[in-house]
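Colleague: just a sequence and a predicted model for now, questions to come.
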Amino acid sequence: MIEKSYHIITFGCQMNVHDSQWLGRALTARGFVEASLEDAQVVVVNTCSVREKPEQKVMSALGRIRHVTGGNPDVLVGVAGCVAQQLGEGFFNKESQVRLVAGSDGISGAPAAIERLLEEPTLHLSLLDFTSHYVEREAGPGTSGSSSGPVAFVNIMQGCDNFCAYCIVPFTRGRQKSRSAAAILDECRAVLERGAREITLLGQNVNAFGQDKRGDGTSFAQLLRQVAGLPGLERLRYVTPHPKDMGPEDVAAFAELPQLCPRLHLPLQAGSDVVLRSMRRRYDSAAFLRLVDDLRAARPDLALSTDLIVAFPGETEEDFQDTLAMMRACNFMSSFSFIYSDRPGARAALFPGKIAPDVAQDRLRRLQALQDDLGARWLAARVENRDKTTLLMEGPSPKPGESAEPSWQGRDPYGVPVHVPLPAGADHTGFLVQTVITEAKKHSLLAVRTGEPW
Ligand code: SAH
Ligand code: SF4
Ligand code: F3S
């Protein structure tokens, strides 16, 4: 075991990934070093409870930690994130190595709590209160000396007020709390100064930014404009918007802001109006299609991706067919799809009409087959058009290419991984490269360079 060392295991969405990265930086700023699970003195599991499977993974992660560390009582285990928020101090009884539980807001106090727990080996601490406002985090980027890389994520809000019938997030992340625009812009400037060229704004319902008591009067569209105007920013993205909150200014931003990438992840969840109503999504299929039309009018090359749930309680085969029809109508380039999973506390857990697992599996299989087909066609069209595209390089390709020059991986403005041979002997990370698409793989593209990296 290495004294003052940490290891973080992360499950869940990009907000959890972002929280874990922050926790790592904050611990580094306090003199800790990162270590493998075998060597770490402090192990934090950042958890997700959005569906049953991710929740199960938490308990198996704790079992693995006990196994790898031999149950060493000097190893401090912390559980953070959404399952910690729900189960709270229950973790202390489940696993004796756990001495810290930190919920969604409580994680901001985790670095100080970890130092205290190391000094007091019999102490247990729980940080489960929701705060009434967005808490700015200590040791923000820049203080730890770590570089942000070419692609940075910036949190703009915490929580969600929507209470979709299936969803646990409003319970685990609390009410929506917008961060101040000034703090967001400061963090964006800081990551740009440290070399980022692309920023993704993060939140559970980003386009409702500013529409809570904690907002400072800045709307999401205004925030987008302010961030897009920062010097050095080449690309801007955001996740996740809610279709009901996509206003005309949000649509217009796709026409007006060249930095805003032509890719939008817009969760549809289901195609049937009956199911959408029962999910409490507050839009119907016609409104969603109108929104897609408006977005494509603003940005004709816009690519859409989505989240879909199959086998919501009461979903008939006909309802499911409506989902498939909507997928075709919207031509989603990709989607995340899930079988509905009961979440204790969420309304739908009490709904009648639960769907048998084999029917659910069969719907998911058919949905994913359609998505594979739509995705493959979308990629093939890029090859057919010999699409000219700019890549933001992220690093060497995991597999060597066949050309004389080494292969590098970057992302195009649609977020698709693209492999391109680049001159040997240089680090191309963070450079932009003009390319032409030549070939499609299952989930990625191959390209050749048509200009010098800049
Ligand atoms: N705030 C985002 C994402 C929330 S969670 C949004 O509003 O879309 C990510 C995805 O998990 C959701 O979009 C939904 O498709 C899926 N999901 C959430 N709860 C679920 C449940 N109980 N069962 C199955 N899928 C679920
Ligand atoms: Fe969950 Fe709905 Fe909020 Fe998304 S908008 S986090 S699906 S409650
Ligand atoms: Fe999971 Fe919590 Fe994110 S439930 S999806 S980690 S908000």
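Modeller: Perfect, I can see it now. Ligands and ions are numbered 1, 2, ... in the order given.

Colleague: once you drop chain neighbours, what's closest to S341?
Modeller: Leaving out its chain neighbours, the residue that sits closest to S341 by Cβ to Cβ, 6 or more residues apart in numbering is R51, at 4.1 Å. In short, each C-beta sits where N, CA and C put it, glycine included.

Colleague: show the model's pLDDT score for the one you found.
Modeller: pLDDT for R51: 94.

Colleague: parallel or antiparallel, list what pairs with the helix or strand hosting T390.
Modeller: T390 belongs to strand 388-396 when assigned by DSSP states H and E. Here strand 388-396 is paired, per DSSP bridges, with strand 407-411 (antiparallel), strand 432-440 (antiparallel).

Colleague: now these in a markdown table, with distance to L295?
Modeller: As requested, the strands paired with strand 388-396 are exported to a markdown table (distance: least, Cβ to Cβ, whole Å):
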| stretch | distance to L295 |
| --- | --- |
| strand 407-411 | 21 |
| strand 432-440 | 23 |
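
Colleague: now for R137: which residues touch it?
Modeller: W22, A26, S108 (Cβ atoms under 8 Å, 6 or more residues apart in numbering).

Colleague: quick one: secondary structure of the first one?
Modeller: Using DSSP: H, G, I helix; E, B strand; the rest coil, the three-state assignment for W22 comes out as helix.

Colleague: how about the last one?
Modeller: Assigned state for S108: helix (three-state reduction, three-state DSSP).

Colleague: cool, G217 as well?
Modeller: coil.

Colleague: isn't it up against G210?
Modeller: Yes. Using Cβ atoms under 8 Å, G217 is in contact with G210, at 6.8 Å.

Colleague: between the two, which is the more surrounded one?
Modeller: Neighbour tally, G217 and G210, criterion other Cβ atoms under 10 Å: the higher count belongs to G210, 22 against 8.

Colleague: please, which helix or strand holds that one?
Modeller: Going by DSSP H and E, G210 is not in any helix or strand.

Colleague: check the gap between it and V169 for me.
Modeller: Distance from G210 to V169, counting by Cβ to Cβ, to the nearest Å: 19 Å.

Colleague: tell me the one of the contacts of R137 nearest I199?
Modeller: Distance to I199, by Cβ to Cβ, is smallest for W22 among these, at 15.5 Å.

Colleague: hmm, back to that, which PyMOL command selects the buried ones in the contacts of R137?
Modeller: Buried residues within the contacts of R137, by 16 or more other Cβ atoms under 10 Å, are selected in PyMOL with:
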select buried, resi 22+26+108
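
Colleague: make JSON lines from the contacts of R137 and add distance to T316 and pLDDT to it.
Modeller: Output for these, formatted as JSON lines (distance: Cβ to Cβ, whole Å; pLDDT from 0 to 100):
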{"residue": "W22", "distance to T316": "44", "pLDDT": "95"}
{"residue": "A26", "distance to T316": "49", "pLDDT": "95"}
{"residue": "S108", "distance to T316": "45", "pLDDT": "95"}
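
Colleague: what segments of the stretch 101-250 of the chain are helices?
Modeller: Along the stretch 101-250 of the chain, the segments classed as helices by DSSP state H, counting those that start in this stretch run 110-119, 169-173, 181-193, 220-228, 248-256.

Colleague: make that the stretch 351-454 of the chain, sorry
Modeller: Going by DSSP H, counting those that start in this stretch, the stretch 351-454 of the chain shows helices at 357-384.

Colleague: the closest residue to ligand 3 within the stretch 251-400 of the chain: how many residues sit nearby?
Modeller: In the stretch 251-400 of the chain, the residue found nearest to ligand 3 is R343; the distance is 8.9 Å by Cβ to the nearest ligand atom. R343 has 22 neighbours, counted by other Cβ under 10 Å.

Colleague: when you give positions from now on, start the count at 15
Modeller: Taking 15 as the first residue, the last one we looked at is R357.

Colleague: ok, the residue nearest to R249 when sequence neighbours are not counted - contacts?
Modeller: Here the nearest residue to R249 in space, its sequence neighbours aside, is E212; by Cβ to Cβ, 6+ apart that works out to 3.8 Å. Residues near E212 by Cβ under 8 Å, 6+ apart: P164, V165, A166, L247, E248, R249, L250, R251, L406.
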